[in-house]
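A.B. asks: structure, please.
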Amino acid sequence: MIDFTCPQCHAAFSVPDNLAGRRARCKKCQTPLTIPQPEAQEILVEPENRAPKLPPRLRRLKADAEQMRHAFENFDLIKIRAATGDPPDTYEVEFYVKGLERIAGRREPIERSYHLAEIKLISEYPRMGPQCKMLTPCFHPNIEPATICVGDHWTAGERLVDLVVRIGEMITYQAYNIKSPLDGEAAMWADLHMRELPVDDRNLRPPEID
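C.D. replies: The predicted structure follows:
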């Protein structure tokens, strides 16, 4: 149906669509008029289905995974051995650097050239820092079998790739803290052998992350 009004007296009319364009007179004031064309019906188009936005944590995990891949896939000193989850929330990271390990019955630690660390991004990540531990022996003031003390002040904006590099710097004794150690024996050893440290002074930052 076509709904329209007289332009002169504003009387309202409703007529079938097939009368559109015909000449007529207003039944009230007799003003000549032309029945208008029916108004085009608005076609509602459903928007394309879009994937819902990911929660902030999942977006962060996806960004971390891409940065980790980009940083270490062609870097000889640090490699991603395994990444578990979709997107990954657990990593096994290999370090092909010089570090130290304690051997039972020996007074001095010995050199070790391969190290494996595990990094778990807990449910509170990135608000809370990752849980890190060594899967291979490591003699270091701030490392014990159950944990790596990667620092007292984690911030949500810190990049995972930078944390991986920091673990490597700890293994090589480029970074250590003997004031609040996890391993007191390693802290005493480091204090007595400062001139011999680090045991590996190579740059552990891939060019891709600078």
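A.B. asks: R22 versus the residue of the chain positioned farthest from its centre, what's the distance?
C.D. replies: Residue farthest from the centre of the chain, counting by CA atoms, centre = their mean, is Q30 at 73.9 Å. Separation of Q30 from R22 (CB to CB, to the nearest Å) stands at 16 Å. The way it works is simple: take the backbone N, C-alpha and C, and place the C-beta from them, glycine included.
A.B. asks: for the residue nearest the centre of the chain, which non-adjacent residue is closest in space?
C.D. replies: Central residue of the chain (CA atoms, centre = their mean): R60, 2.0 Å from the mean position. Nearest residue to R60, sequence neighbours excluded (CB to CB, 6 or more residues apart in numbering): P126, at 5.3 Å.
A.B. asks: what do you get for E208?
C.D. replies: Spatial nearest neighbour of E208, chain neighbours left out: A71 (5.0 Å); criterion: CB to CB, 6+ apart.
A.B. asks: and that neighbour, how far is that from R59?
C.D. replies: 19 Å.
A.B. asks: same check, this time on H115
C.D. replies: Shown here: H115 relative to R59, a distance of 31 Å by CB to CB.
A.B. asks: what's the domain layout of the chain?
C.D. replies: Listed by automatic domain parsing, the domain ranges of the chain are 2-34, 56-209.
A.B. asks: any idea which of those is most buried?
C.D. replies: domain 56-209 (a mean of 16; mean count of other CB atoms under 10 Å).
A.B. asks: that one: end-to-end distance?
C.D. replies: Terminal residues of domain 56-209 are spaced 22 Å apart (CA to CA, to the nearest Å).
A.B. asks: what residues are up against the residue nearest to L135 when sequence neighbours are not counted?
C.D. replies: The shortest distance from L135 to any non-neighbouring residue, by CB to CB, 6+ apart, is to L116 (4.3 Å). Counting by CB atoms under 8 Å, 6 or more residues apart in numbering, L116 touches R81, E92, V93, E94, F95, M134, L135, T136.
A.B. asks: for L116, name its beta-bridge partners.
C.D. replies: Per DSSP bridges, the residues bridged to L116 are E94.
A.B. asks: tell me how far it lies from C138.
C.D. replies: From L116 to C138 the distance is 10 Å (CB to CB).
A.B. asks: how about L182?
C.D. replies: Separation of L182 from C138 (CB to CB): 11 Å.
A.B. asks: so R60 is in which element?
C.D. replies: Per DSSP states H and E: R60 is located in helix 56-72.
A.B. asks: average model confidence for that helix?
C.D. replies: Helix 56-72 carries an average pLDDT of 95.
A.B. asks: now stretch 181-195
C.D. replies: Mean pLDDT, stretch 181-195: 96.
A.B. asks: what lies in contact with that stretch?
C.D. replies: Contact partners of stretch 181-195, identified using CB under 8 Å, 6+ apart, comprise 102, 108-109, 139-144, 147, 149, 173, 176, 178, 197.
A.B. asks: can I get it as PDB, trimmed to CA atoms?
C.D. replies: C-alpha atoms of stretch 181-195 as PDB (Å, rounded to 0.1, in the frame of the first residue of the first chain):
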ATOM      1  CA  PRO A 181      70.600 -15.800  46.300                       C
ATOM      2  CA  LEU A 182      68.600 -19.000  45.900                       C
ATOM      3  CA  ASP A 183      71.800 -21.000  45.900                       C
ATOM      4  CA  GLY A 184      74.100 -19.800  48.700                       C
ATOM      5  CA  GLU A 185      77.000 -22.000  47.500                       C
ATOM      6  CA  ALA A 186      76.900 -20.600  44.000                       C
ATOM      7  CA  ALA A 187      76.700 -17.100  45.400                       C
ATOM      8  CA  MET A 188      79.900 -17.700  47.500                       C
ATOM      9  CA  TRP A 189      81.600 -19.200  44.400                       C
ATOM     10  CA  ALA A 190      80.600 -16.200  42.300                       C
ATOM     11  CA  ASP A 191      81.900 -13.800  44.900                       C
ATOM     12  CA  LEU A 192      85.300 -15.500  44.900                       C
ATOM     13  CA  HIS A 193      85.500 -15.700  41.100                       C
ATOM     14  CA  MET A 194      84.200 -12.400  39.900                       C
ATOM     15  CA  ARG A 195      87.300 -11.800  37.800                       C
END
